[in-house]
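# need coordinates for the following:
(chains A and B)
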Amino acid sequence: MINILLFASLRESIGATSMRLSIKLPCSVAQLKQQAGAENSVLAKAQLNQALLVAVNQVIADDEVMINTGDEVAFFPPVTGG
Amino acid sequence: MQRRLSVNESWLDVGNQLTWLSGDASAGAVVNFIGQVRKQNLNDDVSALTLEHYPAMTERTLHGLIEQAAQRWPLVRVVVHHRVGRLMPGQPIVFVGVSSAHRDASFDACRFLMDKLKTQAPFWKKETTADGERWLDARSCDTDAAASWDD
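You can find the predicted model right below:
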């Protein structure tokens, strides 16, 4: 079981500041995204639109990054600060 | 190198930041950027801009970018101050400033910090217009600008 923090429009569309996903760890970011998309249509759509970023321990992570028990994971849209 | 890094809802005093930034006379050059809330976007009047952020990751990311800039250019002082929360048109959102002995480093480092911040720092803007609220989309020109520093 992994807890995923949600931000911005994803947080709003899903209606929660975090979500839990049942997945065997360690897993890759790619595997997590695939499962998340299978379970949640908002996340599936975000991936289709290339509008889903993943951070692991507060660093933006690409698909090959591995996620271990205790890691902090977040899903969010492309950033728009500055 | 000395630095100031802030991410908070407090008022951004650009004069105060610039005074500190210029305060070390080993620097002969001082360059800064201010991002502020525009009163119009996409043909609509903007009444407010709300900045959401991922606390802790913002500071971590900005600290990392400052470190990268310091490795790449000989800097004397660096300031990055990014506000979050609800902002009004005309108000400053972000102040980025650098100082160095000579101007090339300051111009380049300031541009680097802004280009990288725009694509890596976890902030998200939501505009309030007469029609309601909308999240702003990221722009490909920002991604291109950030990538240009990696050549």
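# what segments of the chain are helices?
With no chain named, the answer covers chain A. Under the criterion DSSP state H, helices of chain A are mapped to A:8-14, A:29-39, A:41-48.
# oops, I was thinking of chain B
B:14-21, B:57-72, B:103-120, B:140-147.
# correct me, but B:Ser99 touches B:Asp24?
Yes. B:Ser99 is in contact with B:Asp24 according to CB atoms under 8 Å; the separation is 6.5 Å. The C-beta positions use only the backbone N, C-alpha and C, and glycine is treated the same way.
# quick one, which of the two is more surrounded?
A count of neighbours by other CB atoms under 10 Å in any protein chain shown puts B:Ser99 above the other of B:Ser99 and B:Asp24, at 29 against 13.
# now do the contacts for that one.
Residues counted as contacts of B:Ser99 (CB atoms under 8 Å, 6 or more residues apart in numbering or on different chains) are B:Leu21, B:Ser22, B:Asp24, B:Ala27, B:Ala29, B:Val30, B:Val31, B:Leu75, B:Val76, B:Arg77, B:Val78, B:Ser106.
# quick one on the thing from earlier: out of the helices of chain B, deepest packed?
Mean neighbour count (mean count of other CB atoms under 10 Å in any protein chain shown) peaks for helix B:103-120 among these, with a mean of 20.
# near chain A at all, that one?
Yes. Counting by CB under 8 Å from any CB of the partner chain, contacts between helix B:103-120 and chain A involve B:Met114, B:Leu117, B:Lys118, B:Thr119, B:Gln120.
# which ones are touching the residue lying closest to the fourth one once chain neighbours are set aside?
What sits nearest to B:Thr119 in space, not counting adjacent residues and going by CB to CB, 6 or more residues apart in numbering or on different chains, is B:Ala146, at 4.2 Å. Listed by CB under 8 Å, 6+ apart, the contact partners of B:Ala146 are B:Asp115, B:Lys116, B:Lys118, B:Thr119, B:Gln120.
# again, 6 Å this time
Residues counted as contacts of B:Ala146 (CB atoms under 6 Å, 6 or more residues apart in numbering or on different chains) are B:Asp115, B:Lys116, B:Thr119.
# what does B:Thr129 give?
Contact partners of B:Thr129, counting by CB under 6 Å, 6+ apart, are B:Asp44, B:Val46.
# show me what it is bridged to.
For B:Thr129, the beta-bridge partners are B:Gly132 (DSSP bridges).
# how close does it get to chain A?
According to CB to the nearest CB, to the nearest Å, B:Thr129 and chain A sit 16 Å apart.
# neighbours of A:Thr17, just the number please.
Using other CB under 10 Å, A:Thr17 has 9 other residues around it.
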